[in-house]
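> predicted structure and sequence below. I'll ask about it afterward.
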Amino acid sequence: MGLFITFEGPEGSGKTTQIEKTGDYLRRKNISFIITEEPGGTKLGDELRKLLLNKSSLKIAGKSELLLFAAARAQHVEETIMPALDDGKVVLCDRYSDATVAYQGFGRGLEIDEVRWINNFSSQFLQPDLTLFFDLPVDVGLKRAMIRISRIAGSSVEDRFEREDLQFHVRVREGYLALIKSEPERFRVIDALKDIPEVHREVCRYLDESIIRLRAKG
Ligand code: Z5A
């Protein structure tokens, strides 16, 4: 049986940096894994990612946005995540259904119970075994994300969410904190203000704990 680990946090919290370092760590340990992301991880998901995130004048209503993220997830779970877990792999996923509650629920103000229903429908109730939440003040994360974005030119810039006002991002972080409070056993909170090697050491510690727990289960 595989292990499903999701990486969550505000913009620029270092998820992408850490997911890559986690892959290197698993490779050194000879543990088979995949790295994937949402929206994305399939051809359909990659197309929806462009629609949802790229710089464009396309108007997307809150409910449409929710359903597009859900469509990407339904494909991702069926085509990529479940087969990898069935193969006994560790799945490292950059964002998943907690992001939908935080961004579309708390950020956009859609009804939380409806967002949860759509999440369950699109994910076939597949929940992560472990969720690492990279926490940092929203203004610091936005600054980091903006620096990264400024290095990319043209229409491939994924900045639709970064362009939201600060209050939107504050609500998103509050959404994540509410989720952590309601499911403390699944989440591990990591201080993303620490330097990259220190954050990585903490990720490895939580990952090792999960692998040991999984092996003990047989
Ligand atoms: N979204 C949604 O609304 N609903 C959903 O259901 C889902 C997603 C699934 C896509 O996410 C967007 O979709 C996201 C939510 C929404 N909102 N946005 N935007 P994404 O994960 O693809 O994009 P992101 O959240 O913006 O990630 P990011 O900006 O790429 O940040 P990151 O991956 O967390 O960080 P990073 O790229 O690793 O690091 C950013 C910069 O900081 C970079 O220059 C690093 O070198 C630097 N960095 C990293 N760690 C550190 C430390 N520890 N110290 C100092 N500097 C650091």
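In hand now; what should we look at? Numbers count the residues shown, from 1 in each chain.
> who's in contact with Val90?
Gly2, Leu3, Ile5, Leu26, Ile31, Ser32, Phe33, Ile34, Ile211 (CB atoms under 8 Å, 6 or more residues apart in numbering). No exception for glycine: its C-beta is placed from N, CA and C like everyone else's.
> beta partners for it?
Leu3, Phe33 (DSSP bridges).
> hang on, the earlier thing: ok, of the contacts of Val90, which one's closest to the ligand?
Distance to the ligand across those (CB to the nearest ligand atom) is lowest for Ile5, with 14.8 Å.
> helices or strands next to the strand or helix carrying the closest one in the packing?
Per DSSP states H and E: Ile5 is located in strand 3-8. Packing partners of strand 3-8 (3 or more CB pairs under 8 Å, 6 or more residues apart in numbering; DSSP states H and E): helix 15-28, strand 90-94, helix 97-100, strand 130-135, helix 196-217.
> what about the next helix or strand after the third one, average pLDDT?
Going back to what we said before, that points to helix 97-100. Once the chain leaves helix 97-100, the next helix or strand it forms, by DSSP H and E, is helix 112-123. Average pLDDT, helix 112-123: 98.
> in helix 112-123, which residues are buried?
Val115, Ile118, Asn119, Ser122, Ser123 (16 or more other CB atoms under 10 Å).
> show me which residues of the chain are close to the ligand?
9, 11-17, 38-39, 53, 69, 94-95, 99-100, 103-104, 144-145, 147-148, 161-162, 192, 195-196, 199 (CB under 6 Å from any ligand atom).
> hmm, which of those are the buried ones?
Among the residues of the chain next to the ligand, those classed as buried by neighbour count (16+ other CB under 10 Å) are 9, 11-15, 17, 38-39, 53, 69, 94-95, 99-100, 103-104, 144-145, 161-162, 192, 199.
> how about the contacts made by Arg116?
Arg116 touches Val101, Gly105, counting by CB under 8 Å, 6+ apart.
> separation between it and the ligand?
Distance of Arg116 to the ligand, given as CB to the nearest ligand atom, to the nearest Å: 12 Å.
> between helix 15-28 and the lowest-mean-pLDDT helix or strand in the chain, find me the angle.
The least trusted helix or strand in the chain, going by mean pLDDT, DSSP states H and E, turns out to be helix 138-150, with a mean of 84. Between helix 138-150 and helix 15-28, the angle comes out at 80 degrees (axes from the mean of the first three to the mean of the last three CA atoms, to 10 degrees).
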